[in-house]
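Trainee: kindly generate the corresponding structure for this input.
(chains A and B)
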Amino acid sequence: MKLATFFRVTLPCALALGGIVLAGHQALDAADHFDPPARTGSDTNTVGFDVAADIADLYAFHDANNVYLSIGFGGPSATNLPGFYDPDVLYMINVSNAGSRTDVEFPIEIRFGRDGANPGIEVRNLPGASLVRGPVERNLTTPNGITVRAGLFDDPFNFDPQGLRDSRATGNLSFNSARNRFANLNTTFVVISIPRRLLDQGQPLDIWSTSARIRS
Amino acid sequence: MAMTRASLTLAPALAMTAALAACGSNEPQTNTIVVPPVAVAPAPTPTPPPPTSFDVGPCLNQIVVPGRTVANLVVPDLVRLDLNQPAGFPNGRRFEDPVVDVTLAVIFLDLSRHPATTFAALPVNPNRFDQPLTGTFPFLAAPLGAPPTSGGAGTNFTFRSDLPSAYTRVDRAGMPAVATELVSGNPAKNSYNDDTPAIDATGKWVPELSNILTILTNALADDFGRLGLSICARPN
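Mentor: Below you'll find the model as predicted:
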């Protein structure tokens, strides 16, 4: 059996069996989309759940000049829907660049607000004590070289949870690497560009993110 | 397998012999059938069944990139970005990185024999983008369709000023696929998402992560073996 055939057929079945062992309470959903499902909803049902606060993915990369941090949330969503700019949700990207990996030097806070019907974004605790405020869907810059942009984008994540779910439910092999649950859908992102000199303290960066909803 | 085939070949002859012996006759004294001795092959040594229970400790301890083991990657649940190394999962995460396939490889395969890109090279999961990523900030492709936008309008925004302590945690995300793949259902999932990397570092979630990885490994090990893929887990 060719390896590719194995992964189209055998591995999905095996994963499905593994899923059965997990008693259906753990879908191999995605990087972080639809998790935790009791709060954010699942791959098949998000009605009544906190979709806006569902972190999809956290990204961190760099080039010669900048470090780029990004958080996606509220997706994937249909292409006729606007971005999620919920004023009652606080997103945080926590960055450690010194000392212990688990302490947080920069607890970057991201909030959305309104000017009438127009959504805006506010980002606090950026390196250099920068504060950014302004409209979404536009590059916002600070005097020390940080750039922030919030907006709706084509979701770049790829995965086929349908195949896994069908295999688990029926025992029939249906995993398909050409079937992408996230294809042709959008997700809301905040992307932040930070000059390396503001973060690089000679040790690796450790990054994690959270979402939280205001208590009513 | 050869011994099994020999046993099957011999079985009809033995059955016929037994049947003949059982036929008998109403005249046993004159029609007695004398069955000559039959040379019977020695009983085959049964092939030991493949192991079904594994220790995933070697998986957690194998080195993914210099200085980092699988355990280091997932506990505490952080994305680590070394600015002195090229960007790309598991050194940070770019928009285009096939994180699920790489994660599957590093938790299941013996990385001394198979690269972490083994699954991504096939791929196991889809790996096509709707649109190419852009080469400049913000790097992501424009939204598909015609979603409503504000066009960057507005100047006098109002934001909540509540402290973070006024909010209730919904979700946390660090290393991709850890919370979704290696933490089981509620209440564990909610609890995991309510914790912090500092709590992870105490080892609180190591039993859960190891247990789920063990369950998955026990289910998949024979499939990997049939395909000549060496797994990192060892039989118990």
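Trainee: quick one, what contacts B:G152?
Mentor: By Cβ atoms under 8 Å, 6 or more residues apart in numbering or on different chains, the residues touching B:G152 are A:135-138. Every residue, glycine included, has its C-beta placed from N, CA and C.
Trainee: hey, which strand is longest across chain B?
Mentor: With secondary structure taken from DSSP state E, chain B has its longest strand at strand B:167-173.
Trainee: tell me how far the next helix or strand after it lies from the chain's centre.
Mentor: Sequence-wise, the next helix or strand downstream of strand B:167-173 (DSSP states H and E) is helix B:178-182. Relative to its chain's centre, helix B:178-182 lies at 11 Å (Cα atoms, centre = their mean, to the nearest Å).
Trainee: need the helices for the chain, in chain order.
Mentor: Using chain A here. Counting by DSSP state H, one finds helices in chain A at the ranges A:3-5, A:11-21, A:37-40, A:161-170.
Trainee: switch to chain B, that's the one I care about
Mentor: For chain B, the helices defined by DSSP H cover B:2-23, B:28-31, B:57-61, B:70-74, B:99-108, B:178-182, B:188-194, B:197-200, B:206-226.
Trainee: ok, B:Y167 touching A:Y91?
Mentor: No: when contacts are counted by Cβ atoms under 8 Å, B:Y167 is not listed as touching A:Y91 (10.1 Å).
Trainee: ok, of the helices of chain A, where does mean pLDDT dip lowest?
Mentor: Ranked on mean pLDDT, the bottom entry among the helices of chain A is helix A:11-21, at a mean of 37.
Trainee: show me where pLDDT drops low in chain A?
Mentor: In the prediction, chain A carries residues with pLDDT under 70 at positions A:1-31, A:163-175.
Trainee: distance check, the spatially most central residue of it against A:D155.
Mentor: In chain A, the residue lying closest to the centroid (Cα atoms, centre = their mean) is A:D57, at 2.2 Å. Noted for A:D57: a distance of 8 Å to A:D155, by Cβ to Cβ, to the nearest Å.
Trainee: same question for A:P143.
Mentor: 32 Å.
Trainee: of the contacts of B:G152, which are in range of chain B?
Mentor: A:135-138 (Cβ under 8 Å from any Cβ of the partner chain).
Trainee: lowest average pLDDT across the helices of chain B?
Mentor: By mean pLDDT, the lowest-scoring of the helices of chain B turns out to be helix B:2-23, with a mean of 32.
Trainee: re earlier: where do the contact lists of A:D57 and A:D155 overlap?
Mentor: A:G72.
Trainee: just to revisit the earlier point, more neighbours, B:Y167 and A:Y91?
Mentor: A:Y91 (25 against 20; other Cβ atoms under 10 Å in any protein chain shown).
Trainee: quick one: contacts for the closest residue in space to the more buried one that isn't next to it in sequence?
Mentor: Sequence neighbours aside, A:I110 is the residue nearest to A:Y91 in space, at 4.1 Å (criterion: Cβ to Cβ, 6 or more residues apart in numbering or on different chains). By Cβ under 8 Å, 6+ apart, the contact set of A:I110 is A:71, A:90-93, A:121-123, A:150, A:190.
Trainee: mind checking how far A:I110 is from chain B?
Mentor: From A:I110 across to chain B, the span is 10 Å (Cβ to the nearest Cβ, to the nearest Å).
Trainee: just give me the neighbour total for the closest residue to B:G225 other than its chain neighbours.
Mentor: Excluding the flanking residues, the one nearest B:G225 by Cβ to Cβ, 6+ apart is B:P50, at 6.8 Å. When neighbours are defined as other Cβ under 10 Å, B:P50 has 10 of them.
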